[in-house]
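K.L.:
Structure for the following, please:
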Amino acid sequence: MDRSEEYRTWIDLADTDYRSAEFLTGMIPVPGEIICFHCQQSAEKYLKAFLVFQGIPFEKTHNLTALLKECILVDTEFEILKVPCARLNVYGVEIRYPTNLSIDTPDIDLAIKDAQAVKTTILKKIGA
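P.N.:
Okay, here's the model as predicted:
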């Protein structure tokens with residue numbers, strides 16, 4: 001798979017996670033943990049798409065902070081995503097196991113907003 005095809009695949013996967021998170025908000029009861037997980041997954045895949053687009057290799061990781069650091073080395077404008085990525089980071093792996101995380105509607109809304117911020121920034125940077 002060439003680089004242009006690979007980064008588009010990452011974008012498609014990220015879009016699917018993002019749309020899934022939005023769709024799940026309509027369920028009753030709202031599956032907050034799953035929504036937040038999809039938001040984190042979406043952000044992770046958008047960041048990876050940007051890195052592939054730039055031809056920058058990255059380690060296999062779910063850590064948004066680590067991925068974002070690589071993006072910031074290319075473009076300092078990515079600094080604006082530090083807080084959204086830090087908030088979403090907790091929903092990556094930890095939420096998939098029994099934890100004491102308590103997720104309510106404001107958390108869900110903020111996770112979707114944070115994922116949207118990552119999405120918007122990445123799509124703007126790659127011209128998609």
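
K.L.:
which regions of this protein sit below the pLDDT cut-off?
P.N.:
1, 93-100, 128 (pLDDT under 70).

K.L.:
tell me the residue furthest from the middle of it?
P.N.:
Centroid-distance maximum for the chain: residue 28 at 24.2 Å, with C-alpha atoms, centre = their mean.

K.L.:
list the contacts for it?
P.N.:
If a contact means C-beta atoms under 8 Å, 6 or more residues apart in numbering, then residue 28 has no contacts. Heads up, the C-betas are built off the backbone N, CA and C, glycines and all.

K.L.:
Only the buried residues of stretch 26-44, if you could.
P.N.:
Buried residues in stretch 26-44, counted by 16 or more other C-beta atoms under 10 Å: 31-44.

K.L.:
so which helix or strand takes in the most centrally placed residue in the chain?
P.N.:
Centroid check for the chain by C-alpha atoms, centre = their mean gives residue 43 as the closest residue, at 0.9 Å. Secondary structure assignment for residue 43, by DSSP states H and E: helix 32-54.

K.L.:
So what touches stretch 114-128?
P.N.:
7, 11, 14-15, 18, 21, 38-40, 42-43, 46-47, 49-50, 53, 75, 77-78, 80-81, 84-85, 87-88.

K.L.:
Please pick the buried ones from these.
P.N.:
Buried, going by 16+ other C-beta under 10 Å: 7, 11, 14-15, 18, 21, 38-40, 42-43, 46-47, 49-50, 53, 78, 81, 84-85, 87-88, out of those.

K.L.:
Of all the residues in the one helix or strand residue 19 maps to, which ones are buried?
P.N.:
Using DSSP H and E, the element containing residue 19 is helix 3-24. Within helix 3-24, the residues that qualify as buried by neighbour count (16+ other C-beta under 10 Å) are 7-8, 10-11, 13-15, 17-18, 20-22, 24.

K.L.:
any idea how far residue 33 is from residue 106?
P.N.:
Relative to residue 106, residue 33 is positioned 15 Å away (C-beta to C-beta, to the nearest Å).
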